[in-house]
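[1] have a look; sequence and predicted model below, questions after that.
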Amino acid sequence: MNFDNDLVVGKLRRWEKFLAAYRLPEWDAIPDFGLYMEQVVQLLKQYLDYLPPELRQTEPITAAAINNYVRTKLLPEPRKKRYYRIHIAYLIMICTLKQSLRLSMLQTLLPGDLAEEDVKKAAQMINESERPIVYFGGGVRSAAGCQPLRDLLEKTGMPATYTLMAAGVLSYGEPHNLGLLGMHGCYAANKAIDEADLVIAVGTRFSDRVALNPDSFAKRAKIIRSTLTPASWARTWMWTFPSPAMPPTSSTPCSPRSRKRSTPTGWP
């Protein structure tokens, strides 16, 4: 098959300029007052309009596709035939990721049955903390969670420390990396854990070589524990909010709701 190389190059350059200015909507910009199917389809066509007119071949979303996502439990069921912010956010993720991933893979990657208030609570804890730190273990590598972890660190600017099983997830030269934690770890990492007001523990189990004395480990901090679920073996994080009572849990990353933070003087 013969191609007009100049024509192809020209189209790709126009697409590159188009994509450079393209942005998906922020969470708070997505409507949350309940839309009917036809309204959702029209809204998603606007959100997902990242192809120049000459490269468009098919509609980005249809009512039949949305019904199929609900039927296969890839998308939460609508409430009385209305779709809200959480549904539209799911559809944006599905329609974007399906360009390169099978739907069966998306069912593994995307969390289901979310408790939205728990996600908001985790994000609020991160945003309001003054001395947060991420403490992660080998579960991050096992569950292919390395990139989501980096995304969280980059977005929030938080420092991170790790167990021996997670060595290499962050390179030694990365600005977020405080080094190994625990009895064989770095002074900076152990000091940061001791002074933190929030510890986000990801894919780790608080072993005795790290926590040492559980009563004094991170004694000034609230703890969000994120366990990567073996059933999905992907990026579904189970957020737990420790308290004297039984904690509530949710199964979603809160990174999209977290914001870049200002760092207190003297904090890593």
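    Arrived safely, thanks for sending. Numbering: from 1, shown residues only.
[2] and the strands in the chain?
    Taking DSSP state E, the strands of the chain run over residues 132-136, 160-162, 177-180, 198-202, 222-228, 237-240, 249-250.
[3] dump those to JSON lines, plus mean pLDDT and mean neighbour count.
    Quick note: C-beta positions are derived from backbone N, CA and C, even for glycine. JSON lines is the format used below for these (pLDDT from 0 to 100; neighbours: other CB atoms under 10 Å):
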{"stretch": "strand 132-136", "mean pLDDT": "91", "mean neighbour count": "27"}
{"stretch": "strand 160-162", "mean pLDDT": "94", "mean neighbour count": "28"}
{"stretch": "strand 177-180", "mean pLDDT": "93", "mean neighbour count": "20"}
{"stretch": "strand 198-202", "mean pLDDT": "88", "mean neighbour count": "24"}
{"stretch": "strand 222-228", "mean pLDDT": "74", "mean neighbour count": "21"}
{"stretch": "strand 237-240", "mean pLDDT": "34", "mean neighbour count": "22"}
{"stretch": "strand 249-250", "mean pLDDT": "33", "mean neighbour count": "18"}
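[4] of those strands, which is nearest Met37?
    Closest of those to Met37 is strand 249-250, at 27.2 Å (criterion: CB to CB).
[5] returning to what we had before: can you lay out the strands of the chain as TSV showing distance to Pro148?
    Shown next, in TSV, are the strands of the chain (distance: least, CB to CB, whole Å):
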stretch	distance to Pro148
strand 132-136	11
strand 160-162	13
strand 177-180	17
strand 198-202	9
strand 222-228	10
strand 237-240	8
strand 249-250	15
